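> Provide a 3D model corresponding to the input given below.
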Amino acid sequence: MGLADSVTARFDVEQHGSDLRTEVVAGITTFLAMSYIIVVNPFILAEAVQIPGYEFIEVVQMIAIATILASAAATLVMALYANRPFGLAPGMGLNAFFAFSVVLGLGVPWQTALAAVFVEGILFILLTVVGARKYVIRLFPEPVKRAVGAGIGLFLLFIGLQELQLVVPDEATLVTLGGIFGSPWSILGVLGLALTFGLWARGVTGAVIIGILTTALAGWALTLGGVFERGVVTPESLPAAQYDITPLAGAFVDGLANIEPLTFTLVVFTFFFVDFFDTAGTLIGVSQFGDFLDDDGDLPEMDRPLMADAVGTTVGAMVGTSTVTTYIESSTGVEEGGRTGLTALVVAIGFLVSLVAIPVVAAIPAYASFIAVIVVGVMMLRGVTEVDWSDPAWTVSAGLTVTVMPFAYSIADGLAAGIIAYPLIKIAVGEYDEVRLGQYVIAVLLAGYYVLQTRGLIL
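Now for the predicted structure:
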């Protein structure tokens, strides 16, 4: 038996109606579709992660390596343990929550935020091992679960618009339209957005990463051509490649000391909630493309891919990145015919090979990377169609979940608003018996937390 035969036999490729070439092509397709996270995640997290003695762009390179390692580890578990064709990486939205809400907003040290991610990952592993998924699902209102994706999308969209200076602060209205065509930064960002949206609309594989790289190249071409000086639309200087991540890896251990229990619990809760339901929803959604679901609409042995997510999150926290989750971009590989873990194995290899591109990350201007934040944010808005807007409890709960996230600049606050509102509206319309006891308990606990938090009694 040759190597190819051994590999296909290991993943039961033929039994799944696929072949080696199809699985490899599917893996490459999925990797190209989600590889933008190698660039985007570092720029988001580096806004909050400050390491004495290291420049911003050096921290970006460290986080890029952590992103690659966490993605590769999680996807390898998906390949070798779950045998499913799904790729995993640090989740969009949760990285923004980590940086802008937890660290910059609440003032929680970034090491403590990593500790929260680590605890969430361990909790996820334990619940997966004991098979408690179905019990966890019952604890949270359905409209909140359905609306969380759109809320995160709106949150990302708001962040991206600010980073590209398309939306700027205003004393009278808080925010207003920026001077877009008076800023080279904004002009290149808008042109990059137009290109990326156009490629995505045409179904081009890797549209987001193509948009990022093309926009970055345009900025460098204008700089090298003498149109702009260094530092205007390109980094002012490029440091040597930074492959030493020891200042970042293991920092979560320091973060476990001197935590504020209530705030830390809320942060862990938010990471867990979004990670759990985002992963579960993505797995079901992508599985529909590959006809993996059983007659009841469930994914057989779903605990195995959930374990890949949990392990990836735990490893990610250890090396220095935010929560890892299954990517919806995995559907591109499934559409190419990927049916087994061999597809995921190719994705993992793609991440590991990309380590050689770490020096390139330093050359990408921030406006180019934040194009992906806006594009992904817009894509996630499609989640509003999953909400039953004719039901009062759904309307209020989902509506608050979606809108409070960007307005309060916090995914946690949006989730809390939806969770608290749901039982209140159910009581108001006389359907209090449709709310589970656990849902009442969580709503009361969150309400109590916000009473204390908004009075300044806790962080």
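> now name the helix or strand holding Gly121.
Following DSSP states H and E, one finds Gly121 within helix 110-129.
> now that helix: buried residues?
By 16 or more other CB atoms under 10 Å, the buried positions in helix 110-129 come out as 110-121, 123-125, 127-128. All C-beta spots, glycine's among them, are computed from the backbone N, C-alpha and C.
> centre-most residue in this protein?
Most central in the chain under CA atoms, centre = their mean is Gly91, positioned 1.6 Å from the mean C-alpha point.
> what packs against the helix or strand bottoming out on mean pLDDT in the chain?
Lowest by mean pLDDT, DSSP states H and E among the helices and strands of the chain is helix 133-139, with a mean of 79. Counting contacts by 3 or more CB pairs under 8 Å, 6 or more residues apart in numbering; DSSP states H and E, helix 133-139 is packed against helix 261-290, helix 437-454.
> pick the most deeply packed of the ones you listed.
Of those, the one with the most neighbours on average (mean count of other CB atoms under 10 Å) is helix 261-290, at a mean of 21.
> for it, the averaged confidence score.
Over the span of helix 261-290, the pLDDT mean works out to 87.
> gap between it and the chain center?
Centroid separation for helix 261-290 versus its chain: 10 Å, with CA atoms, centre = their mean, to the nearest Å.
> and if you look at stretch 304-318?
The chain centre lies 13 Å from the centre of stretch 304-318; the measure is CA atoms, centre = their mean.
> residue boundaries of the helices in the stretch 351-459 of the chain?
358-361, 366-380, 392-408, 411-428, 437-454 (DSSP state H, counting those that start in this stretch).
> render the CA-only coordinates of the very next helix or strand once past the least confident helix or strand of the chain in CSV, please.
Note on helix 133-139: by DSSP H and E, the next helix or strand toward the C-terminus is helix 142-163. Extracted C-alpha coordinates of helix 142-163, given in CSV (Å, rounded to 0.1, in the frame of the first residue of the first chain):
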residue,chain,number,x,y,z
GLU,A,142,-33.5,31.0,21.3
PRO,A,143,-33.8,34.6,20.0
VAL,A,144,-30.5,35.5,21.6
LYS,A,145,-28.8,32.5,20.0
ARG,A,146,-30.2,33.4,16.6
ALA,A,147,-29.3,37.1,16.9
VAL,A,148,-25.8,36.9,18.3
GLY,A,149,-24.1,36.5,14.9
ALA,A,150,-25.8,39.6,13.4
GLY,A,151,-25.0,41.6,16.6
ILE,A,152,-21.3,40.6,16.3
GLY,A,153,-21.4,41.6,12.7
LEU,A,154,-22.7,45.0,13.5
PHE,A,155,-20.1,45.4,16.2
LEU,A,156,-17.3,44.4,13.8
LEU,A,157,-18.7,46.7,11.1
PHE,A,158,-18.6,49.7,13.6
ILE,A,159,-15.0,48.9,14.6
GLY,A,160,-13.9,48.6,11.0
LEU,A,161,-15.5,51.8,9.9
GLN,A,162,-13.7,53.6,12.7
GLU,A,163,-10.3,52.1,12.0
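> so what pLDDT did Arg382 get?
Looking at Arg382, the pLDDT reads 89.
> give me the neighbour count for it.
Other residues lying near Arg382 total 11 when counted by other CB atoms under 10 Å.
> list the contacts for it?
Listed by CB atoms under 8 Å, 6 or more residues apart in numbering, the contact set of Arg382 reads Ala150.
> would you mind measuring from it to Leu293?
The spacing between Arg382 and Leu293, counted by CB to CB, to the nearest Å, is 20 Å.
> ok, the nearest residue in space to Val373 that is not next to it in sequence to Leu437 distance?
In this structure, Val373 finds its nearest non-sequential neighbour in Gly160, 3.6 Å apart by CB to CB, 6 or more residues apart in numbering. According to CB to CB, Gly160 and Leu437 sit 40 Å apart.
> same deal with Thr234?
57 Å.
> next one: Ala363
On the measure of CB to CB, Ala363 and Leu437 end up 55 Å apart.
> off-centre distance for stretch 309-322?
Its chain's C-alpha centre lies 12 Å from the corresponding centre of stretch 309-322 when counted by CA atoms, centre = their mean.
> with stretch 72-83 instead?
Distance of stretch 72-83 from the chain centroid (CA atoms, centre = their mean) equals 18 Å.
> ok, now stretch 359-379?
That offset, for stretch 359-379, works out to 14 Å (CA atoms, centre = their mean).
> just stretch 36-47 next, same as before
That offset, for stretch 36-47, works out to 10 Å (CA atoms, centre = their mean).
> number of nearby residues for Ala249?
18.
> excluding its backbone neighbours, what's nearest Trp394?
In space, and not counting its chain neighbours, Trp394 is closest to Pro143: 4.1 Å by CB to CB, 6+ apart.
> how near is the one you found to Arg436?
Pro143 is 14 Å from Arg436, by CB to CB.
> who has more neighbours, those two?
Legend: neighbour count by other CB under 10 Å for Pro143 and Arg436, higher for Pro143 (27 against 14).
> and that one, what does it touch?
Going by CB under 8 Å, 6+ apart, Pro143 touches 387-388, 391, 393-394, 397-398, 401, 418, 422.
> count of residues packed around Phe98?
Residues near Phe98, counting by other CB under 10 Å, number 32.
> and it, which of the three is it?
Under the three-state scheme (DSSP: H, G, I helix; E, B strand; the rest coil), Phe98 adopts helix.
> for it, which non-adjacent residue is closest in space?
Ser322 (4.2 Å).
> ok, now Ala82?
Arg304 (3.8 Å).
> now Leu127: how far from Asp309?
In terms of CB to CB, Leu127 sits 12 Å off from Asp309.
> brain fart, Asp170
Note on Asp170: its distance to Asp309, by CB to CB, is 40 Å.
> of those two, who's got more company?
Higher neighbour count among Asp170 and Asp309: Asp309, with 31 against 11, using other CB under 10 Å.
> just the pLDDT for that one.
Taking Asp309 on its own, its pLDDT is 95.
> which stretch of helix or strand covers it?
Per DSSP H and E: helix 303-319 holds Asp309.
> cool, and Ala344?
Assigned by DSSP H and E, Ala344 belongs to helix 341-353.
> what comes into contact with that helix?
Contacts of helix 341-353 (CB under 8 Å, 6+ apart): 7-8, 10-11, 13, 18, 20, 23-24, 26-28, 30-31, 34-35, 38, 68, 71-72, 75-76, 78-80, 82-87, 89, 333-334.
> buried sites along that helix?
341-351.
> try stretch 364-379
Across stretch 364-379, burial judged by 16+ other CB under 10 Å covers 364-379.
> show me which pair in these is furthest apart.
Farthest-apart pair in those is Pro365 and Met379; separation 22.5 Å (CB to CB).
> so what's the backbone phi/psi at Thr75?
Phi and psi for Thr75, reported as degrees, to the nearest 10, are phi -70, psi -30.
> Ser369 and Leu283, how far apart?
Separation of Ser369 from Leu283 (CB to CB): 27 Å.
> repeat for Val361
On the measure of CB to CB, Val361 and Leu283 end up 29 Å apart.
> next one: Tyr422
Going from Tyr422 to Leu283 by CB to CB gives 24 Å.
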